[in-house]
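Asker: Build me a model:
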Amino acid sequence: MVMFLVAMADGLDLCVTMLWSLQERRFDAILEAVSFAGRVLTMALTFCSLSIHHRYTHGHLPVSFL
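Answerer: Residues are numbered from 1 along each chain as shown. Model (predicted):
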């Protein structure tokens, strides 16, 4: 009976450990995707603002645009 309880506890420990590691992988994947999206958005906004600034300073953009 004691061996059965030890085997059950060991199996439950293995199951909980596996579920925890899968949850950590999922969290890491979501964090990586959100971080990548943030970097892409920041770069796109930077290039867009630099393009507008360049066009404005070289006279290719009407003043009423801004």
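
Asker: Helices of this protein, residue ranges please.
Answerer: 2-57 (DSSP state H).

Asker: Dead centre of it: give me the residue that sits there.
Answerer: In the chain, the centroid-proximal residue (CA atoms, centre = their mean) is residue 34; its distance is 2.4 Å.

Asker: With residue 40 as the reference, measure out to that one.
Answerer: According to CB to CB, to the nearest Å, residue 34 and residue 40 sit 11 Å apart. All C-beta spots, glycine's among them, are computed from the backbone N, C-alpha and C.

Asker: same thing with residue 1?
Answerer: From residue 1 to residue 40 the distance is 59 Å (CB to CB).

Asker: the more surrounded of the two?
Answerer: Using other CB atoms under 10 Å, the more surrounded residue of residue 1 and residue 40 is residue 40, with 10 against 5.

Asker: Report pLDDT for the more buried one.
Answerer: We have a pLDDT of 95 for residue 40.

Asker: same check, this time on the one 10 residues further on
Answerer: Residue 50 carries a pLDDT score of 87 in this model.

Asker: Tell me how many other residues surround it.
Answerer: 10.

Asker: what residue ranges in this protein score low on pLDDT?
Answerer: Within the chain, the stretches with pLDDT under 70 are 60-66.

Asker: what's around residue 6, how many residues?
Answerer: 10.

Asker: Roughly how far does it sit from residue 37?
Answerer: According to CB to CB, residue 6 and residue 37 sit 47 Å apart.
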